[in-house]
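1. Kindly generate the corresponding structure for this input.
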Amino acid sequence: MGEELPFFLESTVPPHWAKGTSIEAWRRERGKVIRIAVEAEHNVYGSWTLPGEIDLGDDSAGATIYLPQP
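-> Now for the predicted structure:
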């Protein structure tokens, strides 16, 4: 808890059904927000899912993570 945990993500490419779409156009269309879900499990409290969003904004060197408030 409270530790930094870096993850490295690979960019996606256009799916096979999006013929004629360039990688640049695909990335522009998808936007700069990555949606995530963290699944947690505890032997006493059970399991739950915590949804969140990572907004890459204009600078991919840093990101802001938005998580719902309890």
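2. Would you mind measuring from the residue nearest the centre of the chain to residue 53?
-> Nearest residue to the geometric centre of the chain (CA atoms, centre = their mean): residue 34, 3.1 Å. Look at residue 34 and residue 53: by CB to CB, to the nearest Å, they are 7 Å apart. To be clear about C-beta, it is placed using only N, CA and C from the backbone, and glycine gets the same treatment.
3. correct me, but residue 50 touches residue 37?
-> Yes - counting by CB atoms under 8 Å, residue 37 is a contact partner of residue 50 at 7.1 Å.
4. the more surrounded of those two?
-> Set side by side, residue 50 and residue 37 show more neighbours around residue 50, with 12 against 8, by other CB atoms under 10 Å.
5. Work out for me the element that one sits within.
-> Using DSSP states H and E, residue 50 maps to strand 46-55.
6. Parallel or antiparallel, list what pairs with that strand.
-> strand 33-42 (antiparallel), strand 64-66 (antiparallel) (DSSP bridges).
7. May I see those strands organised as JSON lines, with distance to residue 14 and mean pLDDT added?
-> Output for the strands paired with strand 46-55, formatted as JSON lines (distance: least, CB to CB, whole Å; pLDDT from 0 to 100):
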{"stretch": "strand 33-42", "distance to residue 14": "17", "mean pLDDT": "86"}
{"stretch": "strand 64-66", "distance to residue 14": "26", "mean pLDDT": "63"}
